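[1] Can you look at this prediction? I've put the sequence above it.
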Amino acid sequence: MEAWTYSRTGPYRQTLTLSTSHPYPTFPPKPPFPSTAPKPEEWILISVSYAALNPADLVALTSMPFFLHKTTSAVPCLDFTGVVLDVWSPTSSTPIFKKGDQVICTPPLPHLLSTGSGGLQKAIALPAKFCVPLPPSVPSIRDATGLFLTACTADLQVSLSNLRPGQRVLIIGASGGVGTMAVQLARCQIGPSGYIVAVCSGRNRDLVLGLGADEVIDYTQHPGPSLAAHLSQRFGEEEDKRFDNIIDTYGSQPLYTSCSSYLKPSGTYSAASIHYDSYRLWDLFRSVLTIASNTLWPKTPWLGGTGRTWKITSMMGATSEQMTRLSKMLGEGKLKVVIDSEWGWEDVHSALDVLGSGHAAGKVLVRVNGEGF
């Protein structure tokens, strides 16, 4: 079977290769089960339709120590859709899924580390609890690919911010995968009376306004420190123009350290990560140190802090409640997955190049089997 595999970390064009002899996925052993075995659960075999790439894939490929995996090789990608080929149920109860069902899937990182089995392969077997049905109203399975990692991260950021109707919100990195979801979810929380200012490239202005933003700040017109100065000038001089909350999907440390001039004292600065210019191990380590510093940094300004609450989003795996709720919102038209580009099965390296550029507007997809199976 064909799959993209790697057995060491490093530059992905050197380590990630297309295998034509990857083992076909299998189900767990049939009952009876040993007394020491974990409680059995339903598994499904899926023909993968599309895979959505995420920054977490770049971290895993280039900087995460490979010894964290329990397998000698691994297939990346935690975000994919597909069609159920077979169902394995350890009990006589009615299975969750049946053959032919279209599903949206996102196994958690610990599952990938223990099995080495991600979405960049023609077929995958995994526990059914990591998948939900494609809502019938969604016209194409492609339209749902990439929903969960981005939407669940944005959902956590919105939750940490405790958004309420009528609030003013600044969203940084608004045209990226998480950012496009954050704009939509924030609008749902603050309602029509709220106000969203989005920071993104000017070329994505119409896209972000169409998702629910009221105003766009083009960061390319305010390079480096001038962006923080511009935000302070535009929104810091009058109290009613300051933001109630800031959702930073990009991870800008300079904007956090300057936020006291345009974020209300009661506001929360919610970050999805800390941004650095590469995915090297050293930069990953620096990111961890910065997160620790921000978390422990005194909130009191006279002790050197910003005087504002800083929270980091930790999305190790989507909950069943999140997956069900967000897929329902997708089906109701309250959420949409913005797709930057779609790449062929043999073009994974090029797709990763686009993702790594940091300028993708929405999700970068890989067509595995496509709509057929």
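    That came through fine.

[2] Just the pLDDT for the nearest residue to residue 134 once chain neighbours are set aside.
    Among residues not flanking residue 134 along the chain, residue 102 sits closest, at 4.0 Å (C-beta to C-beta, 6 or more residues apart in numbering). For every residue, glycine as well, the C-beta is placed using N, CA and C. You'll see residue 102 listed with a pLDDT of 98.

[3] For residue 102, name its beta-bridge partners.
    residue 83 (DSSP bridges).

[4] Hmm, it is touching residue 83, no?
    Yes. Between residue 102 and residue 83 there is a contact under C-beta atoms under 8 Å: 5.6 Å.

[5] Give the residues shared as contacts by those two.
    By C-beta atoms under 8 Å, 6 or more residues apart in numbering, residue 102 and residue 83 have these common neighbours: 49, 141.

[6] And residue 349, which helix or strand is it part of?
    Element membership for residue 349 (DSSP states H and E) is helix 348-357.

[7] can you pull the buried residues of that helix?
    348, 351, 352, 354, 355, 356 (16 or more other C-beta atoms under 10 Å).

[8] can you check stretch 201-208 too?
    In stretch 201-208, counting by 16+ other C-beta under 10 Å, buried: 201, 204, 205, 207, 208.

[9] ok, now stretch 51-67?
    51-64, 66.

[10] likewise stretch 193-201?
    194, 195, 196, 197, 198, 199, 200, 201.

[11] Which of these fall within helices?
    Among these, no member is found in helices (DSSP state H).

[12] Among those, which lie within strands?
    195, 196, 197, 198, 199, 200 (DSSP state E).

[13] Might you report the residue contacts of the nearest residue to the last one once chain neighbours are set aside?
    So the one you mean is residue 200. Counting by C-beta to C-beta, 6+ apart, residue 175 is the residue found nearest to residue 200 once chain neighbours are left out, at 3.9 Å. The neighbours of residue 175, taking C-beta under 8 Å, 6+ apart as the test, are 198, 200, 201, 204, 207, 208, 361, 362.

[14] Output the below-cut-off pLDDT ranges for the protein.
    29-39, 92, 298, 300, 302-304, 316, 372-373 (pLDDT under 70).

[15] quick one, helices of it?
    12-15, 55-62, 109-115, 147-161, 177-190, 205-211, 226-235, 253-257, 281-296, 320-331, 348-357.

[16] Which strands or helices does the third one pack on?
    It stands for helix 109-115. strand 123-127 (3 or more C-beta pairs under 8 Å, 6 or more residues apart in numbering; DSSP states H and E).

[17] Quickly run through the sheet partners of the strand it packs on, with directions.
    strand 43-53 (antiparallel).

[18] Now for the residue nearest to residue 99 when sequence neighbours are not counted, how many residues are close by?
    Distances taken as C-beta to C-beta, 6+ apart put residue 84 closest to residue 99, at 5.6 Å, once the chain neighbours are dropped. Using other C-beta atoms under 10 Å, the number of residues around residue 84 comes to 22.
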